[in-house]
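Participant: just to be clear, the model below is a prediction. Sequence and coordinates:
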Amino acid sequence: MKIATWNVNSIRARLPNVLKWLEARQPDIVLLQELKTVSETFPHDAIGDLGYNCAVAGQKALNGVAVLSKSPIDIETTCLPGDPDDAQARYIEVFTHGLRVASIYLPNGNPAPGDKFAYKLAWMRRLVDHALSLLALEEAVVLGGDYNVCPTDDDVHDPALWAGDALTRDESRALFRELVWSGYTEAYATLHGTTAGAWTFWDYQGGAWLKDHGVRIDHMLLSPHAADRLVACDIDRTPRAWPKASDHTPLLCELDD
DNA sequence: ATGCCCGGAACGTCCGGA
């Protein structure tokens, strides 16, 4: 089975591209981020017509995450545990196709340091704590999405230019490493060994796509039961070249059924 | 020195993004 993650940067602005890509690739499960709309205006019908069920945690204008699946979906939660006052729609966790799956839109955190960076680190701490609790269940778990973290300098086209950024700072990387060291397998790095040049995001500005000036910030983390089934993990650059592209491109994982 | 590119909200620009 195939599971994908894609920050679409507005599901309504991106709908034609998303539909075209779903038809071409036929993933079984898709994790979406940055919907930038509420559930009421999410295009349930257009995506449903392609055979997908949709679980949506939306928000007006900002954030918003969803899980699409060709199998039935049971929603576990639409909030990351640990802060009842956090109203940002950045996490949805569901059961579908025999997996526990979360779509994650981790805070950007810029400018750093500052309030937004503190929010990012607090959010990551909550994610690590929750991810640890999920490991104890000994289930097949997939935590995928836009992590807004470049795990190493190999994951940035120009590390000097990005030094000090919230995506590359030691504090962000240390919390990402906690997820990996606690027992989650980062699918792309594990299968490919090197991650240099494996960008998933290219800024709209400055011709970054044409110059291939990207960063690798979208990741799929697998619990041991899911990692045992991992057979492939690749970045599909195709839709980044289409008109009206998102600034992110999809990451696709294949798991044994 | 500043903005550069986008989407959303909203209708004039500003915020957020990475």
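Facilitator: Yep, that arrived. Residues are numbered from 1 along each chain as shown, chains lettered A, B, ... in the order given.

Participant: quick check, central residue of chain A?
Facilitator: Centroid-nearest residue in chain A, with Cα atoms, centre = their mean: A:Gly145, separated by 0.9 Å.

Participant: could I get the pLDDT score of that one?
Facilitator: The model reports A:Gly145 with a pLDDT of 97.

Participant: interface residues of chain A facing DNA strand B?
Facilitator: Chain A comes close to DNA strand B at residues A:7, A:9-10, A:12-13, A:34, A:36-37, A:60-63, A:107-108, A:110-111, A:116, A:146, A:148, A:167, A:201, A:203-206, A:215, A:217, A:244, A:247, as judged by Cβ under 7 Å from any atom of the strand. Backbone N, C-alpha and C define where each C-beta goes, glycine included.

Participant: A:Ala13: neighbouring residues, count only.
Facilitator: The burial metric for A:Ala13, expressed as a neighbour count using other Cβ atoms under 10 Å, is 14.

Participant: for A:Leu134, same thing?
Facilitator: Taking other Cβ under 10 Å as the neighbour definition, A:Leu134 ends up with a count of 18.

Participant: do the same with A:Phe95
Facilitator: Residue neighbour count, defined by other Cβ under 10 Å, stands at 18 for A:Phe95.

Participant: distance from the helix or strand harbouring it to the middle of the chain?
Facilitator: A:Phe95 belongs to strand A:91-96 when assigned by DSSP states H and E. Mean C-alpha position of strand A:91-96 versus that of the full chain (Cα atoms, centre = their mean, to the nearest Å) differs by 13 Å.

Participant: cool, stretch A:218-238 as well?
Facilitator: Relative to the chain's own centre, stretch A:218-238 is displaced by 12 Å; criterion: Cα atoms, centre = their mean.

Participant: what does stretch A:134-153 give?
Facilitator: Its chain's average C-alpha position is 9 Å from that of stretch A:134-153, according to Cα atoms, centre = their mean.

Participant: same deal with stretch A:238-248?
Facilitator: If you compare the mean C-alpha spot of stretch A:238-248 with that of the full chain, they lie 16 Å apart, counting by Cα atoms, centre = their mean.

Participant: list the buried residues for that stretch?
Facilitator: Along stretch A:238-248, these residues count as buried under the neighbour rule (16 or more other Cβ atoms under 10 Å): A:239-240, A:245-248.

Participant: what's the answer for stretch A:187-196, then?
Facilitator: For stretch A:187-196, by 16+ other Cβ under 10 Å, it's A:187-189, A:195.

Participant: circling back: ok, the buried residues of stretch A:238-248 vs A:Glu76, which is closest?
Facilitator: Comparing those against A:Glu76 with Cβ to Cβ picks out A:His248 as the nearest, at 24.8 Å.

Participant: residue contacts, that closest one?
Facilitator: Listed by Cβ atoms under 8 Å, 6 or more residues apart in numbering, the contact set of A:His248 reads A:6-9, A:146, A:200-201, A:217-218, A:240.

Participant: 10 Å instead?
Facilitator: When contacts are counted by Cβ atoms under 10 Å, 6 or more residues apart in numbering, A:His248 touches A:5-9, A:33-34, A:146, A:199-202, A:214, A:217-218, A:239-240.

Participant: and the gap between it and A:Thr77?
Facilitator: The spacing between A:His248 and A:Thr77, counted by Cβ to Cβ, to the nearest Å, is 24 Å.
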